[in-house]
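Asker: everything below, folded, please.
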Amino acid sequence: MLRILGGDVCKSSLVVWELSNNPTDLRREFRQNKRPKTEDPMTFQLNSESVERFVKLTRGSQGLVLEPTGVNYSYLWKAIASEHGIEVRWVSHPEIKHLRKSERLPDKNDQADALALAVYGFRNWDNSEAFLYFNEGQISRINEIYLDLKSLGRLKASIINRCRSKLSKEFPEAAFKKSPPSETDGLSPFFSYIAGVERFTDRGKNLYSGLYEKSVAPKYGVRISEYTKHLANQICENDTITLKMRQELNLLVFASPEFETYNKVFDNYNFGLMCRAMLLNRIYPLTRFKKLSSFKRRLGYGCEENSSGSVSRFKKAGSSIARTELHLWCRNTIARGCQTDSNICKQLEAKFLEVSEKIRQPTPKGAKFADLANSRTVAVALRWLYRDLRRACL
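Answerer: The predicted model follows:
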């Protein structure tokens, strides 16, 4: 007899609904079997006693169905279930939202979400394509580093903005000068000077110390504050760990024999390290994709109908992270003119210019031209990429 557990993951707990049959009326199932929130026996905490109760519950079940949202919150629950031989499957949020609404289950209710997950798992257990696929091993580590680097980038941007704002009165001559991190030690010459961080070279230090001696700010009693130095030190620490993580990511992506064929195809498109990391995490192994449509959806360029009445509309569906990464690749590699001998990149550049000219003709709309041209060019690139990967990998 099939026995499925649906689990709604909260910040520090897991709310479970157990099913051994397929209810025809989910609303009635929920009303008849919902439990009080206080002292709910099917709500588990991440502590030894509660986890032991959860393990006892999983015995004899076919699997646990979860949503991938809040992956850090769900990680331990997945690890616990897997350790005890329980298969964990993942369902996308839109699928559960649609099921919950169509069956008139309450919104923003943990038990209703757990019930919807259990029902979805029960109805689709024998159809592997109904569930999301997540890679383990090296791919999992690639994804973790990729997301951490993105997070570091966002943190760094906000700190740099505040630091430069402070320096506009404390060191105005250099406050907004470009000073990218060195490829050798990962440190920015300017911010390491402000923080007082020692480097392998005095080149940047001597440059900025000479500039500061002539600065107007100290002449009028304005010095570089301790808080500004603290911000600069945070930037340097961020740059140091970013360099280490990029070096590890570089080894995982380029030095792994299993990705060699993929990288040969990626070379033709001049994808950078971060774009390759995102692509490998999303599409490896390629055997999972039977159709171009599912490949494009996985990379944020699927189509989802959003029609009403006589008006037919479609919107993009899939990963927004992948869509953003591909947009950046197109903007920086294709739209600005290919700095490569790759025939594919040159063809995509011609496609970008062709699309730009066509959409510019009817009604000019300023900067939106580039976004639309980027989107259409990426769609073409994904079609070619899918074709080339299938030829090389399958």
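
Asker: can you show me the strands along the stretch 51-200 of the chain?
Answerer: Taking DSSP state E, counting those that start in this stretch as the criterion, the stretch 51-200 of the chain contains strands spanning 63-66, 87-90.

Asker: run through the residues that contact Asn374.
Answerer: Contact analysis of Asn374 by C-beta atoms under 8 Å, 6 or more residues apart in numbering lists 327, 330-331, 335, 352. C-beta here means a position set from N, CA and C on the backbone, and glycine is covered the same way.

Asker: check Arg297 too.
Answerer: Contacts of Arg297 (C-beta under 8 Å, 6+ apart): 303, 317-318.

Asker: mind listing what's buried in the helix or strand in which it is found?
Answerer: Taking DSSP states H and E as the criterion, Arg297 maps to helix 292-298. In terms of neighbour count (16 or more other C-beta atoms under 10 Å), helix 292-298 has its buried residues at 295-298.

Asker: and which of the residues you listed is nearest to His230?
Answerer: Lowest distance from His230 to the buried residues of helix 292-298 (C-beta to C-beta) belongs to Arg298, with 42.1 Å.

Asker: tell me how many other residues crowd the nearest residue to the closest one once chain neighbours are set aside.
Answerer: Leaving aside its chain neighbours, Arg298 sits nearest to Arg282 (5.2 Å; criterion: C-beta to C-beta, 6 or more residues apart in numbering). A count of nearby residues for Arg282, using other C-beta atoms under 10 Å, gives 20.

Asker: next one: Leu211
Answerer: 15.

Asker: and it, what does it touch?
Answerer: So Leu211 contacts 173-174 (C-beta under 8 Å, 6+ apart).

Asker: state the mean pLDDT of stretch 191-202.
Answerer: Averaging pLDDT along stretch 191-202 yields 91.

Asker: centroid residue for this protein?
Answerer: Centroid-nearest residue in the chain, with C-alpha atoms, centre = their mean: Ile321, separated by 4.6 Å.

Asker: the helix or strand where it lies - contacts with which helices or strands?
Answerer: Using DSSP H and E, Ile321 falls within helix 320-329. Counting contacts by 3 or more C-beta pairs under 8 Å, 6 or more residues apart in numbering; DSSP states H and E, helix 320-329 packs against helix 273-283, helix 368-393.

Asker: now do the buried residues in it.
Answerer: Buried residues in helix 320-329 (16+ other C-beta under 10 Å): 321-323, 325-327, 329.

Asker: for stretch 94-109, same thing?
Answerer: Under 16+ other C-beta under 10 Å, the buried positions of stretch 94-109 are 95-96, 99-100, 103, 105, 109.

Asker: does Gly6 sit in a helix, a strand or a coil?
Answerer: With DSSP: H, G, I helix; E, B strand; the rest coil as the basis, Gly6 sits in strand.

Asker: tell me the contacts of it?
Answerer: 16-19, 64-65, 113-121.

Asker: still on that earlier bit, next, the angle helix 273-283 makes with the helix holding Ile321.
Answerer: Interaxial angle, helix 320-329 versus helix 273-283 (axes from the mean of the first three to the mean of the last three C-alpha atoms, to 10 degrees): 140 degrees.

Asker: so what touches the helix or strand following helix 320-329?
Answerer: Proceeding N to C from helix 320-329, the next assigned helix or strand is helix 343-360, under DSSP H and E. By C-beta under 8 Å, 6+ apart, the surrounding residues in contact with helix 343-360 are 268-270, 330, 333-335, 337-338, 369-370, 372-374, 376-377, 380-381, 384, 388.

Asker: which entries within those residues meet the buried criterion?
Answerer: Neighbour-count burial (16+ other C-beta under 10 Å) applied to the contacts of helix 343-360 gives 268-270, 330, 333-335, 338, 370, 373-374, 376-377, 381, 384, 388.

Asker: could you report the neighbour count for Tyr193?
Answerer: Residues lying near Tyr193 (other C-beta under 10 Å) number 25.

Asker: chain neighbours aside, what residue packs nearest to it?
Answerer: Spatial nearest neighbour of Tyr193, chain neighbours left out: Tyr208 (4.2 Å); criterion: C-beta to C-beta, 6+ apart.

Asker: isn't the one you found up against Glu173?
Answerer: No - at 9.5 Å, Tyr208 does not count as touching Glu173 under the criterion of C-beta atoms under 8 Å.
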